[in-house]
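Visitor: Sharing a model that was predicted from the sequence below.
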Amino acid sequence: MCGIVGLFLKDKSLEPRLGALLSEMLVSLTDRGPDSAGIAIYDGAAAKGRAKITIQSSAPAADFPGLEAELGKKIEAKVSSTVKSTHAVLEIPAGKLDEARAAIAELRPNVRVMGAGEAIEIYKEVGLPAEVVKRFDLTKMTGSHGVGHTRMATESAVTTLGAHPFSTGPDQCLVHNGSLSNHNNLRRELMRDGMRFETENDTEVAAAYLSSKIAHGQNLGEALQSSLDDLDGFFTFVVGTKNGFGVVRDPISCKPAVMAETDQYVAFGSEYRALANLPGIDNARVWEPEPSTVYFWEH
Amino acid sequence: MNISNVATAPSREMDFARRVFDLGENSLRELNQALHNLGPGSNETSWEVLNPKGSHSVAVGVDQPVAIDVRGSVGYYCGGMNAGGAITVHGSVGPGVGENMMSGSIVVKGDASQYAGATGRGGLLVIEGNASSRCGISMKGINIVVRGNIGHMSAFMAQSGNLVVLGDAGDALGDSIYEARLFVRGKVKSLGADCIKKEMRPEHIAILQDLLDRAGIKDAKPEEFTRYGSARTLYNFNIDNADAY
């Protein structure tokens, strides 16, 4: 099963409510996936030359204290951090992103990078969506767009790293409902191409596939189009980038999907239930995305 | 298409025993149990369901001839196994509306998601918007009328009954079909294995006219439709057909 949601705001006045709206959408799909849940939120408003790295640790009390100062010293730049439970968001100068990732791996080998970029923050954990929302205080988050996922695991273990969203490129993330059947072969090909993997998960391969296509010069729309030829299996994907939000479904399209659009937002849900409480939904254009068709919105 | 989830006009005259059930206040289980508790000859013949908000399994397993108006959009399996109920959804429906319906009717004012009317054995399913993929899959006697378009793999392994489509059909219509009749007014993107175009004889015109009348459709004539059905070449195994299985 799995449940996925996405919300792309057109109306800036809704931005303070993004976390609350997305959290409610995700919690409504709890019975599609009780194993783990996650959310990626894009808020680039305050970026201005700064980048964010979301890190995760299974021992936050040991790993997070002092990291801000140690990292700042190592990369010779101002670092600030916000800790939320097992996750922390480190803010650094945008030009120091790669340097900082290498330094984090050295300073705290057990810390994993969930995602990085100018706008993205990723929070995911094992547990019900309502617990994950509460743990990271997601309802208070602001932003321009975001995606969420509640997981019923089929292809790999129920772990924090196996939860969605997966991020394999700057400000990129992907959530997936379905299962891929050629992910092992594709993972080997992508590893030869220099991509690195954290898990045995099929969705991570899809995310890395898109990141690789983008790194080779395709835009997100083209990368999604390519995925229809190269990925074998069942998938409904919702992807996020710094400015945009995209949806694609495999040619068979047995995994459900509903979309809604108003003057204020574009919303995605695995089911209509996820959209039922959005503002103005009664007058929204509601439709089911077509198979093998790329949908994409950008700010 | 635009679909309002709040329909205000009552679809039939109020009768003395209309029961209103608000899913914002009562549980789905209470609604379905109340419907299942109805016995033959009950006076509670008219029901209204408010605030479904995409709930699954609304009015599943109805087995008495009662009228149920659902005000808003529902999720999976609405009206599944319906036997005699007259269910109207004033909104859109999720996957599997009317799955295995036995008799009675379901009218959807909006769109239907995948496998509408799957395995249905009888009754009439009317979708006034579009239906997506696998509409009428494995239908076994149900009649389905879709005012808009239908998606890919519709009427897959359809055994009997009629599927009427006023709009277009997607890829692989009627793949591995048995004896169901498919009537399409618009274009068919492609036909599935063993599904062929067939002649419209007078008896087919009569069947189609009756279905259009029962679905309340007055702006389409049976002569505008093309009939599709089984070429019957896959009924018995023939080694030359191995690729078609």
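Guide: Good, I have the coordinates.
Visitor: from here on, contacts and neighbour counts on C-alpha atoms
Guide: Will do.
Visitor: which non-adjacent residue is nearest A:Trp111?
Guide: Wrong residue type there; residue A:111 is Val, not Trp. The spatially closest residue to A:Val111, leaving aside those adjacent along the chain, is A:Ser57, at 4.9 Å (Cα to Cα, 6 or more residues apart in numbering or on different chains).
Visitor: got the phi/psi numbers for that neighbour?
Guide: Dihedral angles of A:Ser57 (phi, psi; degrees, to the nearest 10) stand at phi -140, psi 140.
Visitor: what's near enough to touch it?
Guide: A:Asp63, A:Thr86, A:His87, A:Asn110, A:Val111, A:Arg112 (Cα atoms under 8 Å, 6 or more residues apart in numbering or on different chains).
Visitor: which of the residues you listed has the most neighbours?
Guide: Most neighbours among the contacts of A:Ser57, by other Cα atoms under 10 Å in any protein chain shown: A:His87, with 26 neighbours.
Visitor: That residue against A:Ile53, yeah?
Guide: No. Using Cα atoms under 8 Å, A:His87 is not in contact with A:Ile53; the gap is 10.2 Å.
Visitor: just to revisit the earlier point, TSV for the contacts of A:Ser57, including secondary structure, distance to A:Gly44 and pLDDT?
Guide: Output for these, formatted as TSV (DSSP: H, G, I helix; E, B strand; the rest coil; distance: Cα to Cα, whole Å; pLDDT from 0 to 100):
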residue	secondary structure	distance to A:Gly44	pLDDT
A:Asp63	helix	27	96
A:Thr86	coil	23	96
A:His87	strand	19	97
A:Asn110	coil	28	94
A:Val111	coil	24	96
A:Arg112	strand	22	95
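Visitor: which residues in chain B form strands?
Guide: B:18-22, B:46-50, B:67-71, B:83-89, B:103-108, B:124-127, B:140-146, B:160-165, B:181-184, B:195-198, B:226-230 (DSSP state E).
Visitor: Using a markdown table, lay out the ones you listed together with mean neighbour count and mean pLDDT.
Guide: Conversion of these to a markdown table gives the following (neighbours: other Cα atoms under 10 Å in any protein chain shown; pLDDT from 0 to 100):
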| stretch | mean neighbour count | mean pLDDT |
| --- | --- | --- |
| strand B:18-22 | 16 | 94 |
| strand B:46-50 | 18 | 97 |
| strand B:67-71 | 23 | 98 |
| strand B:83-89 | 23 | 98 |
| strand B:103-108 | 24 | 98 |
| strand B:124-127 | 27 | 98 |
| strand B:140-146 | 26 | 98 |
| strand B:160-165 | 24 | 98 |
| strand B:181-184 | 24 | 98 |
| strand B:195-198 | 18 | 98 |
| strand B:226-230 | 22 | 98 |
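Visitor: Where does chain B get nearest to chain A, which residue?
Guide: B:Gly54 (4.4 Å; Cα to the nearest Cα).
Visitor: Spatially, which residue comes closest to that residue, not counting chain neighbours?
Guide: Spatially, and ignoring its direct neighbours in sequence, B:Gly54 is nearest to B:Val74 (3.8 Å; Cα to Cα, 6+ apart).
Visitor: Tell me which residues touch that neighbour, please.
Guide: Contacts for B:Val74 (Cα under 8 Å, 6+ apart) come out as A:Tyr272, A:Arg273, B:Pro52, B:Lys53, B:Gly54, B:Ser55, B:His56, B:Val58, B:Gly91, B:Ser92, B:Val93, B:Gly94.
Visitor: How much space separates A:Asn110 from chain B?
Guide: Relative to chain B, A:Asn110 is positioned 43 Å away (Cα to the nearest Cα, to the nearest Å).
Visitor: Now do the SS call for A:Glu121.
Guide: Local secondary structure at A:Glu121 is given as strand here, using DSSP: H, G, I helix; E, B strand; the rest coil.
Visitor: so it makes contact with A:Gly115?
Guide: Yes. Applying Cα under 8 Å, one finds A:Glu121 in contact with A:Gly115, separated by 6.6 Å.
Visitor: who touches both of the two?
Guide: Residues touching both A:Glu121 and A:Gly115 (Cα under 8 Å, 6+ apart): A:Ile53, A:Thr54.
Visitor: give the contact list for A:Asn263.
Guide: No Asn there; residue A:263 is Asp. Contacts of A:Asp263 by Cα under 8 Å, 6+ apart are A:Lys10, A:Asp11.
Visitor: just checking, B:Thr226 touches B:Val184?
Guide: Yes. Here B:Thr226 reaches B:Val184: they are 5.4 Å apart, a contact under Cα under 8 Å.
Visitor: Could you tell me the angle between the longest helix seen in chain B and strand B:160-165?
Guide: Ranked by number of residues, the top helix in chain B under DSSP state H is helix B:202-214. In terms of direction (axes from the mean of the first three to the mean of the last three Cα atoms, to 10 degrees), helix B:202-214 departs from strand B:160-165 by 70 degrees.
Visitor: Format the CA atom coordinates belonging to helix B:202-214 as PDB.
Guide: Below are the C-alpha coordinates for helix B:202-214, written out as PDB (Å, rounded to 0.1, in the frame of the first residue of the first chain):
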ATOM      1  CA  PRO B 202     -31.700  -4.700 -34.400                       C
ATOM      2  CA  GLU B 203     -31.600  -6.600 -31.100                       C
ATOM      3  CA  HIS B 204     -28.500  -4.600 -30.100                       C
ATOM      4  CA  ILE B 205     -30.200  -1.300 -30.900                       C
ATOM      5  CA  ALA B 206     -33.100  -2.400 -28.600                       C
ATOM      6  CA  ILE B 207     -30.800  -3.400 -25.800                       C
ATOM      7  CA  LEU B 208     -28.800  -0.100 -26.000                       C
ATOM      8  CA  GLN B 209     -32.000   2.000 -26.200                       C
ATOM      9  CA  ASP B 210     -33.300   0.400 -23.100                       C
ATOM     10  CA  LEU B 211     -30.100   1.000 -21.200                       C
ATOM     11  CA  LEU B 212     -29.900   4.600 -22.300                       C
ATOM     12  CA  ASP B 213     -33.500   5.100 -21.200                       C
ATOM     13  CA  ARG B 214     -32.800   3.500 -17.800                       C
END
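Visitor: Many thanks, I have nothing further to ask.
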